[in-house]
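Undergrad: Quick check, what structure comes out for this input:
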Amino acid sequence: MNQVDRDIKEDKLKTKGFRLKPGTVAIVADDSKVARSMLEQGLSVMQIPTLMHVTGQEAWNKIQAMAKEAQQEGRPITDKISFVLTDLEMPEMDGFTLTRNIKRDEFLKKLPVIIHSSLSGSANEDQVRKVGADAYVAKFEINELAEAIHSVLD
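TA: Now for the predicted structure:
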């Protein structure tokens, strides 16, 4: 794939306005520099503020810090984080563990989680359902990602 193919063209992206609470951010975790760059570009075109992380552990630490702030302010976590977008295979903490941690936490469990992975197959999709993810998108399918974001936010 050459650079031209990789650049996300705004006109090819089916972006309708996303229903984001003002001030919220998407937490993104992916250890691939190329994937992070493409996600950053795509989410930027979608006008979704993001915080990028290289590992699930980094993302989990940030989510916990933001949850603590939200609790201290007496606000739901969804006032701080719009959704979590995570890869599956990462060092330190994988996307399955990150998702499981979020969905098992009473304060965080309503947080939408989208798994974005190059791993496909029914075994992975079963695992994605088992850990409680709200959506699964194949890597670099930017329109599918936009649709998944709409589905978890609506």
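Undergrad: continuing past the longest helix belonging to the chain, what's the next helix or strand?
TA: Longest helix in the chain, counting residues (DSSP state H): helix 56-72. Taking DSSP states H and E as the definition, the helix or strand that follows helix 56-72 towards the C-terminus is strand 81-86.
Undergrad: Tell me the buried residues in the very next helix or strand once past that following strand?
TA: Remark: after strand 81-86, the chain's next helix or strand is helix 95-104, criterion DSSP H and E. Applying a neighbour-count criterion of 16 or more other Cβ atoms under 10 Å, one finds 95-103 buried in helix 95-104. Where C-beta positions appear, they are placed from N, C-alpha and C, glycine not excepted.
Undergrad: which one among these gets closest to residue 55?
TA: Taking Cβ to Cβ as the measure, residue 55 sits nearest to residue 98 out of these, at 9.0 Å.
Undergrad: What residues of the longest helix of the chain count as buried?
TA: By neighbour count on 16+ other Cβ under 10 Å, the buried set for helix 56-72 is 56-60, 62-63, 66-67, 70.
Undergrad: Specify the angle between it and strand 81-86 in degrees.
TA: Between the axis of helix 56-72 and that of strand 81-86 there is an angle of 170 degrees, by axes from the mean of the first three to the mean of the last three Cα atoms, to 10 degrees.
Undergrad: what mean pLDDT would you report for helix 56-72?
TA: Per-residue confidence for helix 56-72 averages out to 97 on the pLDDT scale.
Undergrad: Contacts for it next, please.
TA: Residues from elsewhere that reach helix 56-72 (Cβ atoms under 8 Å, 6 or more residues apart in numbering): 27-29, 51, 53, 76-77, 79-81, 84, 86, 90, 92-95, 97-98, 101-102, 105, 107-108, 111.
Undergrad: Reformat the buried residues of helix 56-72 as CSV; add distance to residue 126.
TA: Formatted as CSV, these follow (distance: Cβ to Cβ, whole Å):
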residue, distance to residue 126
56, 20
57, 24
58, 27
59, 23
60, 23
62, 28
63, 25
66, 30
67, 28
70, 32
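Undergrad: Closest to residue 142 out of the residues you listed?
TA: Lowest distance from residue 142 to the buried residues of helix 56-72 (Cβ to Cβ) belongs to residue 59, with 20.6 Å.
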